[in-house]
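Engineer: below are the sequence and a predicted model; questions follow.
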Amino acid sequence: MVCPDNRTSELPVIISPDYAHPVTEPAAAKAAKPAVDPTVALHLGVDRSSPVPLYFQLAQQLEAAIERGALTPGSLLGNEIELAGRLGLSRPTVRQAIQSLVDKGLLVRRRGVGTQVVHSQVKRPLELSSLYDDLEAAGQRPETRVLRNVVEPASAETAAALGVPEGSDVHLVERLRLAHGEPMAHLRNHIPAGLLPLDTERLEATGLYRLMRAAGITLHSARQSVGARAAGADEAGLLAESEGAPLLTMQRTTFDDTGRAVEFGSHIYRASRYSFEFQLLVRP
């Protein structure tokens, strides 16, 4: 039923079990009880006097639980009927709330499994840190696939960023960074040739900045620009996005404590999975 104010009218549903034909539950089935729905412990609720739609109230609470880690990646939500019954909501209202989080990429519906938490969005502070470290700090499980690890002539842009002659040798490391097996970012880094050993196996095991620190390089500062663009066909395929999906872009030149440029990075991130956070201060 839909009310004039476009909010769903909630009607309780009572299901009467059939006691006439009891079925004996096998011992194995008794032992294999289903996992408790993690939303039970969240104390979810809605304010029916609020002008905010009921589905949106529920979606906000579930999203907040995912962001703070109360609903961890891989958690299975109970079925919509049970959740609706606990909250006194209609099933369409619950379905709309869940679908809104599916659309945001926070939940996924898996056939034969149910609705599952994918992950929380990684929020990256604008400081000199690596994506690998940021993912670990956010409770994600970072993985790396090295797509290219070669020495090539420096383009005009790369040469200007690194302060080397155009056409001189630079090391290109191109990687796909994943979390929980899902693509998060496509990373292209140019490093002055001979700066440090860049073994593919080590690059897949840890972050580039960690390798630099292990080689005795002291990272001091960076010049960085952030932007956005729509995904092209190749980028969409690489990042498991649809063509035209929003992407965040970042270019960064990193300097060591002597002022030497040690890395020039051009990265793209899935906007549905990643954001940059700014802290703004009032100038005295």
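Structural biologist: Structure's in. What do you need?
Engineer: Val146: what's it in contact with?
Structural biologist: Val146 sits next to 173-175, 200, 203-204 when contact means Cβ atoms under 8 Å, 6 or more residues apart in numbering. (C-beta placed from N, C-alpha, C; glycine too.)
Engineer: 6 Å - rerun?
Structural biologist: 175, 200, 203-204 (Cβ atoms under 6 Å, 6 or more residues apart in numbering).
Engineer: could you pull out the helices for the stretch 101-250 of the chain?
Structural biologist: Using DSSP state H, counting those that start in this stretch, the helices of the stretch 101-250 of the chain run over residues 131-137, 156-162, 200-205, 208-214, 233-239.
Engineer: pLDDT added to the contacts of Val146, as a markdown table?
Structural biologist: A markdown table is the format used below for the contacts of Val146 (pLDDT from 0 to 100):
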| residue | pLDDT |
| --- | --- |
| Arg175 | 95 |
| Thr200 | 95 |
| Leu203 | 93 |
| Glu204 | 92 |
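Engineer: where among the helices of the stretch 101-250 of the chain is average confidence lowest?
Structural biologist: For the helices of the stretch 101-250 of the chain, the stretch scoring lowest in mean pLDDT is helix 131-137; its value is a mean of 60.
Engineer: next, format the helices of the stretch 101-250 of the chain as CSV and append mean neighbour count and distance to Ala84.
Structural biologist: Below are these laid out as CSV (neighbours: other Cβ atoms under 10 Å; distance: least, Cβ to Cβ, whole Å):
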stretch, mean neighbour count, distance to Ala84
helix 131-137, 19, 35
helix 156-162, 17, 55
helix 200-205, 13, 45
helix 208-214, 17, 47
helix 233-239, 15, 35
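Engineer: how about those in a markdown table, adding distance to Tyr274?
Structural biologist: Formatted as a markdown table, those follow (distance: least, Cβ to Cβ, whole Å):
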| stretch | distance to Tyr274 |
| --- | --- |
| helix 131-137 | 9 |
| helix 156-162 | 23 |
| helix 200-205 | 21 |
| helix 208-214 | 18 |
| helix 233-239 | 11 |
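Engineer: which one of these lies closest to Ala245?
Structural biologist: For Ala245, the closest of these is helix 233-239, at 6.3 Å, according to Cβ to Cβ.
Engineer: please name the bridge partners of His171.
Structural biologist: Val151, Ile191 (DSSP bridges).
Engineer: bridged to Leu219, which residues?
Structural biologist: Asp256.
Engineer: and if you look at Leu248?
Structural biologist: Here Leu248, judged by DSSP bridges, has bridge partners Ala228, Tyr269.
Engineer: what's near enough to touch it?
Structural biologist: The contact partners of Leu248, taken as Cβ under 6 Å, 6+ apart, are 228, 269, 271.
Engineer: so how far is Gly45 from it?
Structural biologist: 35 Å (Cβ to Cβ, to the nearest Å).
Engineer: can you list contacts of stretch 228-241?
Structural biologist: Against stretch 228-241 from outside (Cβ under 6 Å, 6+ apart): 183, 186, 242-245, 247-249, 270.
Engineer: please redo it, this time with the cut-off set to 7 Å
Structural biologist: 176, 182-183, 186, 242-249, 268, 270-271 (Cβ atoms under 7 Å, 6 or more residues apart in numbering).
Engineer: give me the number of residues near Thr258?
Structural biologist: Counted with other Cβ atoms under 10 Å, the neighbours of Thr258 add up to 9.
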